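In: Need coordinates for the below:
(one chain, ligands or ions: 1)
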Amino acid sequence: MNTQPDSHKPLTQMPQWHAYVQAINAAPRVAPAPRIIEAGGMQIDLTAQTYSADVLATASALLEARDFVSARQALFDGAPVNTTENRAAWHTQLRAPRPIEEVAEERKRALEFVRRSDSERRWRNIVHIGIGGSDWGVRLVVGAFGYAGMWRNIRFVANIDGHAVEGGLAGLDPRETLIVVATKSFKTAETLENAKRAIEWMKAAGIAKPLNQVIAVTANPQEAQAWGLQQSQIFRFWDWVGGRFSIWSAVGVAAGLAVGPDVVAGLQSGAKTMDDHFLTAPIEQNAPVQLAMAGIANRSILDYGSLNISAYDSRLANLIPYIQQLEMESLGKSVDRDGQPITVPTGPAVWGMPGTDAQHTFFQWLHQGSDGAPVDFIACQHEDHAWKEHHIQLLAHCLAQREALMNGKSYEQALQESLATGMSEAAARELAKHKVHPGGRPSNLIMMPRLTPFSLGALLALYEHKVFVQGLVWGLNPFDQWGVEYGKVLATDITAELKGAAPQATHDASTRYWIERIRSQME
Ligand SMILES: O=P(O)(O)OC[C@H]1O[C@](O)(CO)[C@@H](O)[C@@H]1O
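Out: I've put the predicted structure just below:
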């Protein structure tokens, strides 16, 4: 008999879970009436998600059994919710209007640096070197607000592939270039190697003190100093900030330089508004909670293996990898906080592309594929360009794809359509079989009034809190990422072996074959 409190029990040992499963299986795949929640200035439409009064009641009971209210408070209080690293996950503090002193101090330092660089018209070029959580957020913000041109050039270098740093530096004047080394750990091989190349590039251009053109953003200032930087060149964040939750910290300094410090402030303000909503809205009207529960139903009960993100705004191309890391690095786990196997499917594979490109790439699969996937449609009601016609068509496509997934098309409908074209009955009957859409395929529509720093900040915080709730219900720790370490350790060994070190006996035959082959053919 499991004596653990419900808040810690394996999900499948909780009666509340089984009640939720039953409610989901009994409920219609589309809500009987529009289900729209207002949050952070956005409208979140969950109509195309499985829903009934029983679904809502059992979801609330499950959250209560998981001690949702106190778990949420612990998150906002900076308690050590990251249980396996015994740390807080206090990213909400980074967007608090009156944060703790060290956050306020660092925020002020970063802002002053940006303002000084602007007033002195310094740093025509920014090369942002960082990867994962130290990269996607900045790329997203710059892509969203800098697409129509900026006076500074900004380049991103993440991959260890030398073509990335080559392209990142190509054509830039080293004398006008600031290198931003963004790395929480200051240990990431790709980032340190790429930073070395940037230093060499400046030296090769005759710059005597290249380190004077470098700033670092890190939670490991000691390492940055040992690397050669002065304290004044180091902007801090803390180990209680997860990399994939760090855009709110000084990690955003390059974005401030590229698209303006007001953008960074706007992001934080939007996220803060979503924090307040998450903290105060009742369960049934709490957008992160309802998105989270719908996602759990789709993944753990209705067996959808993935989640598709279709952002109907070309400025949000980097939103997909941003959410991929946020969701998959947080929820890609098979054991709970106590290391016990989780006996239901957890974090889905997240994939996607901006709409309408996506329609001509994988929507065939979403509409008629054997699996399908829940879709998050993300759009802006108002455009920032001069062509109303384009925006009308964009929104029309977004609504149309969603409607087709939600309502489907029956054989009869397809048949009548073909017959209406004057096709023969026999031919129409044959073709109609290929034109059926099952319908009842889940989706959310997240409509922002306009793409502003505020609305983007609110959107990112919405997903952060959704991930927190899903972690809580599945019983896993969404704030660690132990699974990324093993490959890094193996890569360090293999790097040495490719350079001539004795091969490890632990390699399998295939890996050993490739090490020997690559080594023997190294040019
Ligand atoms: O900011 P860092 O320490 O360089 O790490 C970069 C990224 O690498 C990861 O640790 C995964 O390998 C991410 O969690 C993180 O965002």
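In: So what pairs up with residue 82 in the strands?
Out: residue 87 (DSSP bridges).
In: Residue 217: what secondary structure?
Out: strand (DSSP: H, G, I helix; E, B strand; the rest coil).
In: In contact with it, which residues are there?
Out: 130, 134, 180-183, 234-237, 249-251, 253 (C-beta atoms under 8 Å, 6 or more residues apart in numbering). Bear in mind the C-beta positions are built from the backbone N, C-alpha and C, glycine included.
In: can I get the residues you listed in CSV with secondary structure?
Out: Output for the contacts of residue 217, formatted as CSV (three-state DSSP):
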residue, secondary structure
130, coil
134, helix
180, strand
181, strand
182, strand
183, coil
234, strand
235, strand
236, strand
237, coil
249, coil
250, helix
251, helix
253, helix
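In: Kindly indicate the member of those residues with the most neighbours.
Out: When neighbours are counted by other C-beta atoms under 10 Å, residue 182 leads the contacts of residue 217 with 33 neighbours.
In: For the ligand, see how far away the residue lying closest to that one once chain neighbours are set aside is.
Out: Ranked by C-beta to C-beta, 6 or more residues apart in numbering and with sequence neighbours excluded, the top spatial neighbour of residue 182 is residue 130, at 3.3 Å. Noted for residue 130: a distance of 6 Å to the ligand, by C-beta to the nearest ligand atom, to the nearest Å.
In: which residues touch residue 130?
Out: Contacts for residue 130 (C-beta under 8 Å, 6+ apart) come out as 138, 158, 180, 181, 182, 183, 191, 217, 251.
In: Let me have those residues in JSON lines, adding pLDDT and distance to the ligand as columns.
Out: Compiled in JSON lines, those are given as follows (pLDDT from 0 to 100; distance: C-beta to the nearest ligand atom, whole Å):
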{"residue": "138", "pLDDT": "98", "distance to the ligand": "12"}
{"residue": "158", "pLDDT": "98", "distance to the ligand": "9"}
{"residue": "180", "pLDDT": "98", "distance to the ligand": "12"}
{"residue": "181", "pLDDT": "98", "distance to the ligand": "9"}
{"residue": "182", "pLDDT": "98", "distance to the ligand": "7"}
{"residue": "183", "pLDDT": "98", "distance to the ligand": "3"}
{"residue": "191", "pLDDT": "98", "distance to the ligand": "5"}
{"residue": "217", "pLDDT": "98", "distance to the ligand": "9"}
{"residue": "251", "pLDDT": "98", "distance to the ligand": "8"}
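In: Out of these, give me the two with the largest separation.
Out: 158 and 217 (14.3 Å; C-beta to C-beta).
In: Please list the residues of the stretch 51-200 of the chain that sit near the ligand.
Out: 131, 132, 133, 134, 183, 184, 185, 188, 191 (C-beta under 6 Å from any ligand atom).
In: List just the nearest of those residues to residue 176.
Out: residue 191 (22.3 Å).
In: wait, isn't that closest one in contact with residue 134?
Out: Yes: Residue 191 is within contact range of residue 134, at 7.1 Å (criterion: C-beta atoms under 8 Å).
In: Tell me who's in contact with the residue nearest to residue 123 when sequence neighbours are not counted.
Out: Computed as C-beta to C-beta, 6+ apart, the closest residue to residue 123 that is not its neighbour in sequence is residue 178, at 4.0 Å. When contacts are counted by C-beta under 8 Å, 6+ apart, residue 178 touches 117, 122, 123, 125, 126, 127, 213, 214, 215, 257.
In: In the stretch 1-150 of the chain, where is pLDDT below threshold?
Out: For the stretch 1-150 of the chain, the stretches with pLDDT under 70 are 1-4.
In: can you pull out the helices in the stretch 401-523 of the chain?
Out: Ranges of helices in the stretch 401-523 of the chain, per DSSP state H, counting those that start in this stretch, are 411-420, 425-432, 453-474, 485-498, 509-520.
In: now those helices as CSV including mean neighbour count and mean pLDDT?
Out: What follows is the helices of the stretch 401-523 of the chain, written out as CSV (neighbours: other C-beta atoms under 10 Å; pLDDT from 0 to 100):
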stretch, mean neighbour count, mean pLDDT
helix 411-420, 14, 97
helix 425-432, 14, 98
helix 453-474, 25, 98
helix 485-498, 13, 97
helix 509-520, 12, 96
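In: before we move on, which element is the residue nearest to residue 123 in?
Out: Using DSSP states H and E, residue 178 sits within strand 177-182.
In: That strand: partners in the sheet, and parallel or antiparallel?
Out: Strand pairing for strand 177-182, using DSSP bridges, gives strand 125-129 (parallel), strand 214-218 (parallel).
In: What separation is there between the residue lying closest to residue 492 once chain neighbours are set aside and residue 285?
Out: Using C-beta to C-beta, 6+ apart and skipping the chain neighbours, the partner closest in space to residue 492 is residue 189 (7.4 Å). Distance of residue 189 to residue 285, computed by C-beta to C-beta, to the nearest Å: 46 Å.
In: Which pLDDT does the model give whatever residue of the stretch 151-300 of the chain ends up closest to the ligand?
Out: Closest residue of the stretch 151-300 of the chain to the ligand, C-beta to the nearest ligand atom: residue 243 (2.7 Å). Residue 243 is assigned 98 on the pLDDT scale.
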